[in-house]
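>>> Sharing a model prediction with you, sequence too.
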Amino acid sequence: MARGGHHGGGFHGGGHHFSGGSHGSFGGGFHGGGYHGGGYHGGGYHGGNGDGDSLIFEGIKIGILVVAFCIYEVAVGEVPGVDLFTLGIFTVSVVFYVLGLKGYKRTADLYHLKSFDGINKIQVWNAEFTEYGPSSVSDKVSWAGKYDNRYRIAFFDRDFGDENVKKVRELMNRTPWIVWMNSYVWLVIGIISAISSFFFYEMVIPVFENMIMTDEAFAFIDDFVFYFPAGLTLLCAILCFAMVKVRDSLLHKCAVRIVEDNNAAYEKMKTENYIAQALSSKWYYNNCPNCGADAKKDTRICTHCGTSLEVKDIATEQVSSVHRISAAAENGSKTKTIER
């Protein structure tokens, strides 16, 4: 049977097994007088005037010593399931989690859209609210950057809030659910995975130790099982960060569409409102129903026979035979203009 490397005796022996008790061998030099003796606890440490600055400085020193001690314990194998490489993986994971969770607050309102009542001031954004200008497209409430992924989508907009909600819901429904998963879910999975590293290896590796395999195969399995929890933690941290970036990209594109649609809808409403104010509410014949004379523009009575040109029932007339005159001609007053 193959031996050597991670093999011990007639069976495989995992190279990452926690042995325990080894730090007792580091007496004297670490735990002896040099550390606990007068040089540390003597006058040089407890002496002096003990003012506030000194206490802060000593607190920093103690913090550094605690961190150094923890790293040392990991380095000498006193922490089960963790070595310096694993510790490095956890450190990188923390950085990704911090960067990823920063984006949670900006998009947290997405999870309230299903029960949104249009009253609460909810929105999603990727910049300060007022950071729109020449380099952005805007409807004055929502906006999107032209050259970057900055955006703001407001769901409380009086005119277009419901449409904004509808468009974002459609975006969320047609894209993978993993993109919109709560960022704290990734954090919880990562924390559970990190905690499992203390016992995962010792629980799993015995399954493989009694199997017949080459040294190279067992060495691979041994390392894979040992670093699996740390690797899973790092993967969750990277996904937490990456999904925020993907989410921002999708929401920016949605914001551009929202702003363009809202501006087009506003112009349409503006035009319709102008037409409604500029034209009369009544319809008039193109030709006099009595004498057949052509009706002049903005006239309500035939200039030839004096018959009223007003249509009594528009539903019975062909559109090509009737028209509307200006409101000014009908009311004898000027039309009102629309201001944005």
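Yep, that arrived.

>>> Okay, helices next: where are they in the stretch 151-300 of the chain?
For the stretch 151-300 of the chain, the helices defined by DSSP state H, counting those that start in this stretch cover 161-174, 183-196, 200-209, 215-278.

>>> Check which residues of the shortest one are buried.
Within helix 200-209, the residues that count as buried by 16 or more other C-beta atoms under 10 Å are 200-202, 205, 208-209. (Glycine included, C-beta is placed from N, CA and C.)

>>> And the first one, by the same measure?
Using 16+ other C-beta under 10 Å as the test for burial, helix 161-174 gives 161, 164-165, 167-168, 171-172.

>>> Quick one: neighbours of the residue lying closest to residue 288 once chain neighbours are set aside, just the number.
Nearest in space to residue 288, with sequence neighbours left out and distances taken as C-beta to C-beta, 6 or more residues apart in numbering, is residue 302 at 3.9 Å. The number of residues packed around residue 302, counting by other C-beta atoms under 10 Å, is 21.

>>> Outline the domain layout of this protein.
Domain assignment for the chain, taken from automatic domain parsing, gives 83-277, 279-340.

>>> Select from the ones you listed the stretch with the lowest mean pLDDT.
Note on the domains of the chain: lowest mean pLDDT is at domain 279-340, with a mean of 74.

>>> Residue 107 versus the closest residue to residue 125 other than its chain neighbours, what's the distance?
Nearest residue to residue 125 in three dimensions, chain neighbours excluded: residue 152, at 4.2 Å (C-beta to C-beta, 6+ apart). Between residue 152 and residue 107 the distance is 12 Å, computed by C-beta to C-beta, to the nearest Å.

>>> again with residue 263
Taken as C-beta to C-beta, the span from residue 263 to residue 107 is 24 Å.

>>> Have a look at these two and say which one is more surrounded.
Using other C-beta under 10 Å as the criterion, residue 263 and residue 107 rank with residue 107 on top: 21 against 15.

>>> who touches the more buried one in this structure?
Applying C-beta atoms under 8 Å, 6 or more residues apart in numbering, we find residue 107 in contact with 124, 244, 247-248, 251.

>>> can you pull the contacts of the closest residue to residue 181 other than its chain neighbours?
Spatial nearest neighbour of residue 181, excluding adjacent residues (C-beta to C-beta, 6+ apart): residue 243 at 6.9 Å. Neighbouring residues of residue 243 by C-beta under 8 Å, 6+ apart: 100, 178-179, 181, 183, 186.

>>> switch the cut-off to 7 Å
178-179, 181 (C-beta atoms under 7 Å, 6 or more residues apart in numbering).

>>> Could you do residue 300 as well?
284, 308-310, 330.

>>> Next, give me the two most distant ones among those residues.
Distance extremes for the contacts of residue 300: the farthest pair is 308 and 330 at 12.7 Å, using C-beta to C-beta.

>>> Between the two, tell me which one has more neighbours.
residue 330 (17 against 14).

>>> Residue 104 belongs to a strand?
No - counting by DSSP: H, G, I helix; E, B strand; the rest coil, residue 104 is not part of a strand but helix.

>>> Isn't it up against residue 180?
No - when contacts are counted by C-beta atoms under 7 Å, residue 104 is not listed as touching residue 180 (11.8 Å).

>>> Looking at the two, which one has more neighbours?
Legend: neighbour count by other C-beta under 10 Å for residue 104 and residue 180, higher for residue 180 (17 against 14).
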